[in-house]
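Trainee: what follows is a predicted protein model with its sequence.
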Amino acid sequence: MKKTYFYAGVSIFCWSTVATTCKILLRELNNIQLLWMNSLIAGLFLLLLNICLGNFKKYKNYKLKDYLIMVAIGIPSTIFYYMFYYAGTDILPASQAFIINYLWPIMSVLFACIILKEKFTAKKLVAIFISFFGVIVVIGGDIDGFNGQMLFGALYCILGAVSYGIFTALNQKMNYNKSMTLMVSYFATFIFTLLINLINGDVFIPDTNQMLGFVWNGVFTVAIANTFWVMALETGKTEKVSNLAYITPFLSLVWTYLFLNEAIKLSSLVGLIIIIFGILIQMKEKK
């Protein structure tokens, strides 16, 4: 059990730093540039991981159609999720963007009903409304400085959560190796964003500080965090381990306060609690 908590702890710590590192990198880059380099680093690390795990033996059994399906499964997560989340983080305070983006578990429930044909109940509908009310509380805390840009920032983060919800449903529907699917998807994302950056003239050579940020994002918050989370789920009880994930946004508030000097607002805390309350309602029904 100690191993389980260690694995989960590493994942939670890594995930909680996403808002801070991305906000720092977005001071000099746009969301597509950030996604371009992060996807390259993540893809290369997952390539190394799959070699060490011996997963390439399974590649011989896959056809071109399978690879295209892997890309299609991963696109909502590796392209749209990050593209929208980075865009929202560029506009909003990092803490608010991260909290609003935490709608993704609710979106996973919604798209499980749409894609996987799970039953849509009144309790799930209530959970969705409660979580969205939490988003209103979060952005309502800045009502004095509220403007159209903030609305777009919130919308981008919501679209990111929607994208990840679609990914989780597709990922359950298709039975492919998770590490290989992510690797193929991240390399596809790298090629896609490279083309966009070439067209826009935004290709760049990262400096030392930027490279450190990309390595942290690509290796730790993507590859290591996801791998350790799977290990935690495999060695512990899924319900207990899954509940630990709700520590992540609260810990993220600490990092944004310490490194970005963003005040921890009461509205953000209350909104986050409301969002998580909505998530727990649907989890209780699923149990």
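Mentor: Done, it's in.
Trainee: in the host helix or strand of I191, which residues are buried?
Mentor: Here I191 is covered by helix 178-200, with elements defined by DSSP states H and E. Using 16 or more other Cβ atoms under 10 Å as the test for burial, helix 178-200 gives 179-190, 192-194, 197. (Each C-beta comes from the backbone N, C-alpha and C, glycine too.)
Trainee: quick one: contacts for the closest residue to L53 other than its chain neighbours?
Mentor: Nearest non-adjacent residue to L53, counting by Cβ to Cβ, 6 or more residues apart in numbering: S179, 6.9 Å away. Going by Cβ atoms under 8 Å, 6 or more residues apart in numbering, S179 touches 46, 49-50, 53, 55, 227.
Trainee: equivalent analysis for Y102, please.
Mentor: 161, 249, 272, 275-276.
Trainee: again, only this time at 7 Å
Mentor: Y102 sits next to 249, 275 when contact means Cβ atoms under 7 Å, 6 or more residues apart in numbering.
Trainee: swap in the one 5 residues further on?
Mentor: For M107, the contact set (Cβ under 7 Å, 6+ apart) comprises 161-162, 164-165.
Trainee: name the helix or strand for it, please.
Mentor: Using DSSP H and E, M107 sits within helix 104-115.
Trainee: cool, and M150?
Mentor: Counting by DSSP H and E, the element that carries M150 is helix 148-173.
Trainee: got the angle between that helix and helix 104-115?
Mentor: 60 degrees (axes from the mean of the first three to the mean of the last three Cα atoms, to 10 degrees).
Trainee: and for the nearest residue to Y85 once chain neighbours are set aside, the neighbour number?
Mentor: Spatial nearest neighbour of Y85, chain neighbours left out: G160 (3.8 Å); criterion: Cβ to Cβ, 6+ apart. Residues lying near G160 (other Cβ atoms under 10 Å) number 28.
Trainee: tell me how many other residues crowd T208.
Mentor: 7.
Trainee: how about the one 4 residues further on?
Mentor: A total of 13 residues lie near L212 under the criterion other Cβ under 10 Å.
Trainee: over to the one 4 residues further on?
Mentor: W216 is flanked by 19 other residues according to other Cβ under 10 Å.
Trainee: the residue nearest to Y85 reaches I79, doesn't it?
Mentor: No - contact status for G160 versus I79: not in contact, 10.8 Å apart, counting by Cβ atoms under 7 Å.
Trainee: how close does S185 get to I73?
Mentor: For S185, the distance to I73 (Cβ to Cβ, to the nearest Å) stands at 7 Å.
Trainee: what does A263 give?
Mentor: Distance of A263 to I73, given as Cβ to Cβ: 39 Å.
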